[in-house]
Structure formats: C-alpha cells, structure tokens
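In: Would you be able to build a 3D model of this:
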Amino acid sequence: MRSIKSKHAAQATKVASLFSKKKGAMEMSVGTIVTIVLLMAVLVLGLVMVKTIFTSSTSNINEVDKKVKDQINKLFSEDEQKKVIIYPSTYIELDKGKSAGFGLSIRNNEKTEGEFSYTVEAADGEFDCMSTTAANNLISLGKIGENINLLPGTVMDEPVYVRFDIPDDTPPCQIRYNVDVEKDGKQYVNTIKMDVEILSK
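Out: As a prediction, this is how the structure comes out:
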C-alpha cells in the first residue's frame, strides 16, 4: 500500500513539475513577445524622429505665416550678430508642378538707420541643366526687394517670401542662386549661396 501511495505521489510530483515548467515557458514567451513589441515601437519612433531631423533642413515653405515668422525671430535672437536669415535653410527641394520657396529677413546691426534692398538671382556657370534666364524665370515672387527702411537694431516687420513656380516640364536640376543684400547701395553681407534642387517625379 505504501509503495502504491509513494508511486502516486511521485507521479503527482512529476506532473506538477511538468506543469510548472510549461507555465514558466509560457510566461517567458509572453515576456519575450512584450519586449519585442516594445523594442519595435521604440525603433519606429526613433526612425520617425531621425527622418524628421534630416528632412527639416530641405523642406520648403508655402507662405510666411506666424509660425515661420516666429522661427525667424528665434534664429535672430539666438545669434545677435546675424544680419540675414534664410528660412528654413540655404538648401531646399522643390517638386515639379508645385509652388513653394523660402523666407528671408534682414536685421540692421549697424548704428545708423538705413535703406535696405536685396536680389535673388541664379549664379552664372554653376549648373548646366538649364540656362540662367530659365532659372531666374522660376522665381515668381520676391526676386527683388527695395526701400526696406530699418532703424538700428531692428528686424523687418514681415519676412519676405521668395516663391518658385516649377512647371511640370522642368528637368531635374540643382540650381545655385545668389542672395545679395545692400544697405544704402553698399554691400551689407557677403553673397549668400542658396541651393535649390528640383526633384524628378
């Protein structure tokens, strides 16, 4: 009788041990799955953030709204020596068949009031995908700015919006534009190089 009881007890112990092992394996599997899901979520969020950071410098703007104006003023406040801001950067990408561009603002960092002006023109000999004239014709708004009066230490009330209209038949191209700013007819800053890349569809 004792041997039978001992046998049943051994079998019960064995079953309990197997159940415990299966339960542990299941718990481990669930934990592993949760960990993998969390890691994938973090990876996706990281990729989105990296993409946002790397593409922000090439994004163009559709208009100078309050958000753009605030960003330009922020950039001026971060660097008190900055005389001209081009936003979002001096390199933008443009899609064919669409209209977009960049913002431009000037600050008078000198001790005297002055009348400012600026021009945006394609640089000669910097590209071979189209003529200089054709490149200049892509600028539909804000190519020239004149009679911009600024007191010492002040910034333009409203940033300028330099807009490009890109026809559908425009070839993929990288164009360099020169942005020149003058104060009272004299050069105010060194020529700023603005690179525009027209993307293929």
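In: quick one: contacts for residue 163?
Out: Applying Cβ atoms under 8 Å, 6 or more residues apart in numbering, one finds that residue 163 lies in contact with 99-101, 139-142. (Each C-beta comes from the backbone N, C-alpha and C, glycine too.)
In: Repeat that for residue 150.
Out: 106-108, 113-114, 116, 156.
In: Strands of the chain, residue ranges please.
Out: Remark: strands of the chain, listed N- to C-terminal, are 84-87, 91-95, 99-106, 114-122, 139-141, 144-150, 160-165, 173-183, 186-187, 192-199; assignment by DSSP state E.
In: would a markdown table of these with distance to residue 29 and mean pLDDT be doable?
Out: Shown next, in a markdown table, are the strands of the chain (distance: least, Cβ to Cβ, whole Å; pLDDT from 0 to 100):
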| stretch | distance to residue 29 | mean pLDDT |
| --- | --- | --- |
| strand 84-87 | 52 | 97 |
| strand 91-95 | 47 | 95 |
| strand 99-106 | 51 | 96 |
| strand 114-122 | 62 | 98 |
| strand 139-141 | 61 | 96 |
| strand 144-150 | 67 | 97 |
| strand 160-165 | 56 | 96 |
| strand 173-183 | 53 | 97 |
| strand 186-187 | 71 | 98 |
| strand 192-199 | 47 | 95 |
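In: Need the ones you listed in CSV (columns: distance to residue 64).
Out: Formatted as CSV, these follow (distance: least, Cβ to Cβ, whole Å):
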stretch, distance to residue 64
strand 84-87, 9
strand 91-95, 14
strand 99-106, 5
strand 114-122, 15
strand 139-141, 11
strand 144-150, 13
strand 160-165, 4
strand 173-183, 16
strand 186-187, 25
strand 192-199, 16
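In: For residue 59, which of those is the nearest?
Out: Closest approach to residue 59 among the strands of the chain is made by strand 91-95 (7.2 Å; Cβ to Cβ).
In: Report the buried residues of that closest one.
Out: Within strand 91-95, the residues scored as buried using 16 or more other Cβ atoms under 10 Å are 91-94.
In: which secondary structure elements does it contact?
Out: strand 99-106, strand 192-199 (3 or more Cβ pairs under 8 Å, 6 or more residues apart in numbering; DSSP states H and E).
In: Convert that strand to PDB, retaining C-alpha atoms only.
Out: Backbone C-alpha positions of strand 91-95 (Å, rounded to 0.1, in the frame of the first residue of the first chain) are rendered in PDB as follows:
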ATOM      1  CA  TYR A  91      19.200  74.400 -49.400                       C
ATOM      2  CA  ILE A  92      15.600  73.400 -50.300                       C
ATOM      3  CA  GLU A  93      14.000  70.800 -52.500                       C
ATOM      4  CA  LEU A  94      11.100  71.600 -54.900                       C
ATOM      5  CA  ASP A  95       8.700  69.300 -56.600                       C
END
